[in-house]
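>>> Provided below are the primary sequence and the corresponding predicted coordinates.
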Protein chains: 2
Amino acid sequence: MITFALPKGSLLEDSIALLQSLGLDFSLFLDKSNRLLQITDPTGAARALLVRAQDVSVYVEYGQAQIGIVGEDVLREKMPRVARLVDLGFGKCRLSIAVPKDSPYTSALDLPPHCRIATKSVRCAREYFQSIDLPVEIIPLYGSVELGPITGMSEAIVDLVSTGRTLKDNGLVEIEVLFESTARLIAHQLSYRLNKDNLSDVIDKIRYTVNEK
Amino acid sequence: MITFALPKGSLLEDSIALLQSLGLDFSLFLDKSNRLLQITDPTGAARALLVRAQDVSVYVEYGQAQIGIVGEDVLREKMPRVARLVDLGFGKCRLSIAVPKDSPYTSALDLPPHCRIATKSVRCAREYFQSIDLPVEIIPLYGSVELGPITGMSEAIVDLVSTGRTLKDNGLVEIEVLFESTARLIAHQLSYRLNKDNLSDVIDKIRYTVNEK
């Protein structure tokens, strides 16, 4: 039986809708009173795990799930050993540099050398600033990155932006987009190569559904 | 003006009550409709930042807050360069190893070499298993660590336990306590040494309040 790893949070609703179009019903995960993290589709055809967005690729890498849905941003940050298969189109956002709106900086190259950058995306931020040859001090944070410039701890932030509302509410403006991200279908490498449980069938159906839209 | 960094989550209520006994009112942070992450006490005597538990020590290390409240578990995991001052007594929990209740392992040394351990506390887990000379594979997770043994991804977990309810609900039992944790008062090293804004006064008052209990 195939097991899917589904991400908690902003990608969950679209992920469940996608699997519903394949005849798999995991909508119990959308029920706020549900506490189960592992459920089987009512037809008994597949199983799903509900895990943190950052953990989806771990369960797929270790083969506890054969298929997972995860943001491109997480893949770029964690670089997991998984097969990357389909761009699912939903969950659009971008990893951007933002600064206070009264700041003199209008692009990444304007930032002063050795300035401080608060971010949850440590690897992506580090790689980007290396690529433009700008030495910066990365301050790793777990949440509310926008507090970095507000408190004066950092000149800028590198953070995911979808609607831009959080930036606006905190008086920040985007000055550079590092990359755009969408949800991706990933698979356990060996299961995918060996086509265990007819994995390619499911993947083809998902690819077809996504292309139809 | 002194700035406090207060942790979101389980330590927040007790932290705010402690500061209230010093005459500082940051109870706005307990109001669910509040979206502000930085507030000033109504008397104008001090400021507080509301940040993730793992980020408290970052704001204190960089001096954006002079005083912070954070769990001993976070301090052991992140090893920040901050002054560690007072054991506040509340927020009691322990970092423990747990296994499925039908597992044959009853202590850490029973675990087979090269077994897998799922955890959010990567550094603490690694150090512990090194100290008992047991080679293990640590699987870093962000949440719902209990899914590790349930899905068969790991033999055991290292996780924070307070009431033990999550373990019980997931059919897991504790076999070893790595350490006990409580909330700690920390301070920015330089501000503490230079006694900026009469920091030692505030710290003495907190120490006195805690010892009185």
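Cool, got the structure.

>>> Please count neighbours and contacts with C-alpha atoms only from this point.
Noted.

>>> Not counting its neighbours along the chain, what's nearest the residue nearest the centre of chain A?
In chain A, the centroid-proximal residue (C-alpha atoms, centre = their mean) is A:Gly71; its distance is 2.6 Å. Among residues not flanking A:Gly71 along the chain, A:Ala183 sits closest, at 4.2 Å (C-alpha to C-alpha, 6 or more residues apart in numbering or on different chains).

>>> who's in contact with the one you found?
By C-alpha atoms under 8 Å, 6 or more residues apart in numbering or on different chains, A:Ala183 lies in contact with A:Leu11, A:Ile69, A:Val70, A:Gly71, A:Glu72, A:Asp87, A:Leu88, A:Gly89, A:Phe90, A:Gly91, A:Lys92.

>>> Now list the buried members of these.
Buried by 16 or more other C-alpha atoms under 10 Å in any protein chain shown: A:Leu11, A:Ile69, A:Val70, A:Gly71, A:Glu72, A:Asp87, A:Leu88, A:Gly91, A:Lys92, out of the contacts of A:Ala183.

>>> show me what contacts A:Arg184?
Shown in contact with A:Arg184 (C-alpha under 8 Å, 6+ apart): A:Ile69, A:Val70, A:Gly71, A:Glu72, A:Arg84, A:Leu85, A:Val86, A:Asp87, A:Leu88, A:Gly89.

>>> Just read off the phi/psi values of it.
Phi and psi for A:Arg184, reported as degrees, to the nearest 10, are phi -120, psi 150.

>>> can you give me the helices for chain A?
A:12-20, A:56-61, A:72-78, A:122-131, A:147-150, A:165-169, A:189-194, A:199-212 (DSSP state H).

>>> So which of these is the most surrounded?
Most buried of the helices of chain A by mean neighbour count (mean count of other C-alpha atoms under 10 Å in any protein chain shown) is helix A:56-61; its value is a mean of 26.

>>> Now do that helix, average pLDDT.
The pLDDT scores in helix A:56-61 average 98.

>>> And that helix, what does it pack against?
strand A:2-7, strand A:67-71, strand A:183-187 (3 or more C-alpha pairs under 8 Å, 6 or more residues apart in numbering or on different chains; DSSP states H and E).

>>> Distance from the chain centre to that helix, please.
13 Å (C-alpha atoms, centre = their mean, to the nearest Å).

>>> near chain B, which residues of chain A?
Counting by C-alpha under 8 Å from any C-alpha of the partner chain, chain A comes close to chain B at A:37, A:51-52, A:54-55, A:58-59, A:62, A:64, A:141-144, A:147, A:151-153.

>>> Filter these down to the buried ones, ChimeraX style.
Buried residues among the residues of chain A next to chain B (16+ other C-alpha under 10 Å), as a ChimeraX selection:
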select /A:51,52,54,55,58,59,62,64,141,144,147,153
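
>>> Show me the residues of chain A next to chain B that map onto strands.
In this view, the residues of chain A next to chain B that belong to strands under DSSP state E are A:Val51.

>>> that older thread, save the helices and strands packed on helix A:56-61 as a markdown table, and put in mean pLDDT too.
Output for the helices and strands packed on helix A:56-61, formatted as a markdown table (pLDDT from 0 to 100):
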| stretch | mean pLDDT |
| --- | --- |
| strand A:2-7 | 98 |
| strand A:67-71 | 98 |
| strand A:183-187 | 98 |
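
>>> Dump the ones you listed to TSV, plus distance to B:Arg47.
Formatted as TSV, the helices and strands packed on helix A:56-61 follow (distance: least, C-alpha to C-alpha, whole Å):
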stretch	distance to B:Arg47
strand A:2-7	36
strand A:67-71	37
strand A:183-187	40
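
>>> and chain A, what are its domains?
Domain assignment of chain A by automatic domain parsing yields the ranges A:2-91+A:182-212, A:93-179.

>>> got JSON lines for the ones you listed, with distance to B:Ser27 too?
Putting the domains of chain A into JSON lines (distance: least, C-alpha to C-alpha, whole Å) gives the following:
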{"stretch": "domain A:2-91+A:182-212", "distance to B:Ser27": "28"}
{"stretch": "domain A:93-179", "distance to B:Ser27": "19"}
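
>>> burial count for the closest residue in space to A:Tyr105 that isn't next to it in sequence?
Nearest residue to A:Tyr105, sequence neighbours excluded (C-alpha to C-alpha, 6+ apart): A:Leu111, at 6.0 Å. Neighbourhood size, A:Leu111 [other C-alpha atoms under 10 Å in any protein chain shown]: 19.

>>> ok, A:Leu111 to A:Ala156 distance?
When distance is defined by C-alpha to C-alpha, to the nearest Å, A:Leu111 is 8 Å away from A:Ala156.
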